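>>> Model the following, please.
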Amino acid sequence: MTEYSGPILAEGSRKSRISKVRPWVVVLAPLLAILFQVYVPQLFSYLSYLELPLLVTVYFSLQKRSQLAGTLFGASVGLIQDSLSHLPIGMFGIVKTLVGYFAGSLSLRFDVENPFIRFILSFFFFFFHQFFYWVLARALLGQLIDFNPVQNLVFGLLNAAVAIPLFLILDKLKVTE
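Residues are numbered from 1 along each chain as shown. Predicted coordinates:
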């Protein structure tokens, strides 16, 4: 093995307690996040930048520390979000599947309990999500939607700032053994 094959920042995660997420949290958290995404921006348009289903996908994919679990979770959340939106079915499914896979992959390398790492990963995955949604909309649907990098960077920072307290709340709902 080479010196680069081990976890980069996962030293603290080996020492951390083993934890499991309650099954009702795994079902209820994404459902509430999707309902928030669909209905709250209709009442409060200034909250339309929040991508709570993405943040929940990132959280659970990081917690499972599995590429397969992250992929399946991302696909499930994305397809449910697609079914409740007016957009073509499959767009969020594809993008959130990619996010789930890569979050599961990165969770094997980083200490995902660290709030700074969580902030950086949430920011990165928001930008990743927006960019790949834009690519897929142009490539698969031929839609000419706008991709404003500066706006997406600002919204990414705002989503990352929301992710920290959201992840702490979800951490409180874990069962520690």
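
>>> so who does residue 59 touch?
For residue 59, the contacting residues are 163, 166-167, 170, taking C-beta atoms under 8 Å, 6 or more residues apart in numbering as the criterion. Heads up, the C-betas are built off the backbone N, CA and C, glycines and all.

>>> Can you add secondary structure and give the residues you listed back as CSV?
As requested, the contacts of residue 59 are arranged in CSV below (DSSP: H, G, I helix; E, B strand; the rest coil):
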residue, secondary structure
163, helix
166, helix
167, helix
170, helix
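
>>> Which ChimeraX command selects the buried ones in these?
Only the buried entries of the contacts of residue 59 go into this ChimeraX selection, using 16 or more other C-beta atoms under 10 Å:
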select :163,166,167,170
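
>>> helices and strands of the chain: which one has the lowest mean pLDDT?
Ranked by mean pLDDT, DSSP states H and E, the helix or strand of the chain with the weakest confidence is helix 11-15, at a mean of 46.

>>> can you pull out the strands in this protein?
Using DSSP state E, the strands of the chain run over 19-21, 174-176.

>>> Quick one: residues contacting residue 96.
Counted by C-beta under 8 Å, 6+ apart, residue 96 has contacts 53-54, 57, 74-75, 77-78, 81, 129.

>>> For the residue nearest the centre of the chain, give its distance to residue 44.
Ranked by distance to the mean C-alpha position of the chain (C-alpha atoms, centre = their mean), the top residue is residue 58 at 2.7 Å. Residue 58 is 23 Å from residue 44, where distance means C-beta to C-beta, to the nearest Å.

>>> just residue 71 next, same as before
If you measure residue 71 against residue 44 using C-beta to C-beta, the figure is 32 Å.

>>> And those two? Which one has more around it.
Of the pair residue 71 and residue 44, residue 71 is the one with more neighbours under other C-beta atoms under 10 Å, namely 21 against 10.

>>> Report pLDDT for that one.
Taken from the predicted model, the pLDDT recorded for residue 71 is 95.

>>> hang on, it packs against residue 105?
No - in this structure, residue 71 is not within contact of residue 105 by C-beta atoms under 8 Å, at 9.7 Å.

>>> any common contacting residues for the two?
Both residue 71 and residue 105 lack any common contacting residue under the criterion C-beta under 8 Å, 6+ apart.
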